[in-house]
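[1] Requesting a structural model of the entry that follows:
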Amino acid sequence: MGYKTGGHIALAAMATGQKALNKGWRGLFAIPFRAWLSYLLARRWLFIAAVIGAILLHLPTPAGLTHEGHIVLVMSVVATILFITEPVPLPTVALLIIVGQVLLIGLDSSDVARSLMSDSVLFIMGSLMIAVAVVRQKLDKRLAFLIIRFTGTKTANVCMGISLVSGVLASFIGEHTVAAMMLPVGVTLIRLTSDDSRQVRSLAAVLLLSISYGASIAGVGTPSGGARNAIMIGYWREFFYDPANPDTWKFAIDYVRWMVFAYPLFLIQVPFVTAILFYTFKPKQKNIARAVVRLRAQLADQGPMKISDWTTILIFFAILLSWIFLSDGIGLGTVAIFGAAAFLIFGLVEWDEINNGVNWGVVLLYAAVISLGVEMKDTGAALWVAENFLAFLKPFGGDSGLGLWAAVMALTTTVTNTMSNGAAVAVLGPIVLNLAVAAGEDPLILGFLTAVASSFAYLTVVGTPACTIVYSSGYLRTTDFLKAGWKLVIVSTILTLIAASAYWPLIE
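    Numbering: from 1, shown residues only. From the prediction side, this is the model:
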């Protein structure tokens, strides 16, 4: 039962219950058994998670783990169950994490409140606000025509161009934003090719998955490409960086240095995305010249670009340059917040649009999960899990080197296909970084491997917002993601391991 369906059933049950309560206490017992059952079924994983948490809390604290660390691990297990099953809105999980840190661990509420608002969280919040402003300008048809002017009308070249442009944009403003911007581009080209959805079934698959996969592989390209990147940067600084110790300066990753590590990996993967999609779906239309002619006519009716369009582009590039040259001094979050303010000042977006367009629950969720991650480190819970995971891998030769790297990437890939990539990095980050220390590996390399592997959410519709958005077009089936995704996971994993062993050590 999906969350939306369960939520509607629960609301219906609550409405029935309210009517009964209006009749007095006798009415309470008149609530139909089916309504109670529907409510309990809709929230069943909430109760299951609570029972599991209660049982785990009452078990003896494992050897080598502090009492506080035991509690943090139990909270992490319960939160992960709720992330995957979603019996309640995910921001509700964030609220429970905050309350749990105070009531279960015994932290001061003011300390918890301070841990919620870091530069990483400001950066995520500002990036979401900027995304709303950019999408509002509706430059999709112009962008589609610009892509085709460079690629020509051959379908394979157009798909590669869409993946590249989707990736370049996603590496700066986030994959969910780019998917929302590029979906009309793909749908326009599909509809201008044919009105019969059966005739363009395979073409739709390669065009739309070019958007979602291009955005996914590039989301790790820069710190602003996704919340997971900012989260990992925050963990490196929190766990290892000391301004007074030059040996730790490599963990103060700035915008440019992150790009040097991750951007080449994105560019190398683009041709593989196109090749895998064409091999998997084999579209009949080898050329979309007919669609291009119609697109050109629509653009002629739309007229030239307006001042607001050019202003949007100018502000966006100013934000990008500020991230590159100024963020090391004032922080990524400050630049993002100021950029969002600039769009408001120039009247390119209204506050009501930002207020309605930004998912503030996502901001709260990442703030709470990052806070819990820091507690995993402070209580020693992350180190305990890392040491036990290392002991588990040792008989298989996975306790160091390439075997450990592959194990970390496989774990991250599995987790990121069941929850958001940001949440995956937030949960796994402290464990992986402590795992690196325990295994004598470089935390910088293992951290990058975790961040990169979190972008391999190619297998499910819910693995990443980009996949969910293109699926909403109605042209794709859920099996399309799995059919092409597993091939891309293998290729991406191999390319990343090559980069980690041959390229990253050269630029540390």
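
[2] Disregarding flanking residues, what is the spatial nearest neighbour of residue 72?
    Distances taken as C-beta to C-beta, 6 or more residues apart in numbering place residue 381 nearest to residue 72, at 4.5 Å, with adjacent residues excluded. From N, CA and C alone the C-beta is placed, and that goes for glycine too.

[3] Actually, residue 344.
    If the residues on either side of it in the chain are set aside, residue 344 comes closest to residue 351, at 6.4 Å by C-beta to C-beta, 6+ apart.

[4] try residue 365
    Nearest residue to residue 365, sequence neighbours excluded (C-beta to C-beta, 6+ apart): residue 94, at 4.4 Å.

[5] sorry, back to before: my guess is the residue nearest to residue 72 meets residue 73, correct?
    Yes. With contact defined as C-beta atoms under 8 Å, residue 381 counts as touching residue 73 (4.9 Å).

[6] Touching both of those two, which residues are there?
    Residues touching both residue 381 and residue 73 (C-beta atoms under 8 Å, 6 or more residues apart in numbering): residue 65.

[7] what about the two, which has more around it?
    More crowded of residue 381 and residue 73, by other C-beta atoms under 10 Å: residue 381, with 27 against 21.

[8] Give me the distance between that one and residue 412.
    Residue 381 sits 19 Å away from residue 412 when distances are taken as C-beta to C-beta, to the nearest Å.

[9] Name the residue closest to the centre of this structure, please.
    Closest residue to the average C-alpha location of the chain: residue 421 at 3.8 Å, with C-alpha atoms, centre = their mean.

[10] which residues sit in contact with residue 417?
    Residue 417 makes contact with 456-460, 463 under the criterion C-beta under 8 Å, 6+ apart.

[11] Helices of the stretch 101-250 of the chain, start to end?
    With helices called from DSSP state H, counting those that start in this stretch, the stretch 101-250 of the chain shows them at 109-116, 119-136, 140-151, 155-173, 175-193, 201-218, 227-239.

[12] Let me know which of those helices is tucked in deepest.
    helix 201-218 (a mean of 28; mean count of other C-beta atoms under 10 Å).

[13] Give me the angle between that one and helix 175-193.
    Helix 201-218 runs at 160 degrees relative to helix 175-193, counting by axes from the mean of the first three to the mean of the last three C-alpha atoms, to 10 degrees.

[14] Now helix 201-218 - C-alpha only, PDB.
    Output of helix 201-218 as PDB, limited to C-alpha atoms (Å, rounded to 0.1, in the frame of the first residue of the first chain):
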ATOM      1  CA  ARG A 201       7.200   4.100 -26.900                       C
ATOM      2  CA  SER A 202      11.000   3.300 -27.200                       C
ATOM      3  CA  LEU A 203      11.800   6.900 -28.300                       C
ATOM      4  CA  ALA A 204      10.100   8.200 -25.100                       C
ATOM      5  CA  ALA A 205      12.100   5.700 -23.000                       C
ATOM      6  CA  VAL A 206      15.500   6.900 -24.300                       C
ATOM      7  CA  LEU A 207      14.600  10.600 -24.300                       C
ATOM      8  CA  LEU A 208      13.100  10.700 -20.800                       C
ATOM      9  CA  LEU A 209      15.700   8.300 -19.200                       C
ATOM     10  CA  SER A 210      18.400  10.400 -20.800                       C
ATOM     11  CA  ILE A 211      17.100  13.300 -18.600                       C
ATOM     12  CA  SER A 212      16.800  11.400 -15.300                       C
ATOM     13  CA  TYR A 213      20.100   9.400 -15.700                       C
ATOM     14  CA  GLY A 214      22.000  12.400 -17.000                       C
ATOM     15  CA  ALA A 215      20.900  14.400 -14.000                       C
ATOM     16  CA  SER A 216      21.600  11.500 -11.600                       C
ATOM     17  CA  ILE A 217      25.200  10.900 -12.800                       C
ATOM     18  CA  ALA A 218      26.000  14.600 -12.700                       C
END
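
[15] I'd like the average pLDDT over it.
    pLDDT averaged over helix 201-218 equals 90, rounded to a whole number.

[16] Return the distance of it from the chain's centre.
    Its chain's average C-alpha position is 17 Å from that of helix 201-218, according to C-alpha atoms, centre = their mean, to the nearest Å.
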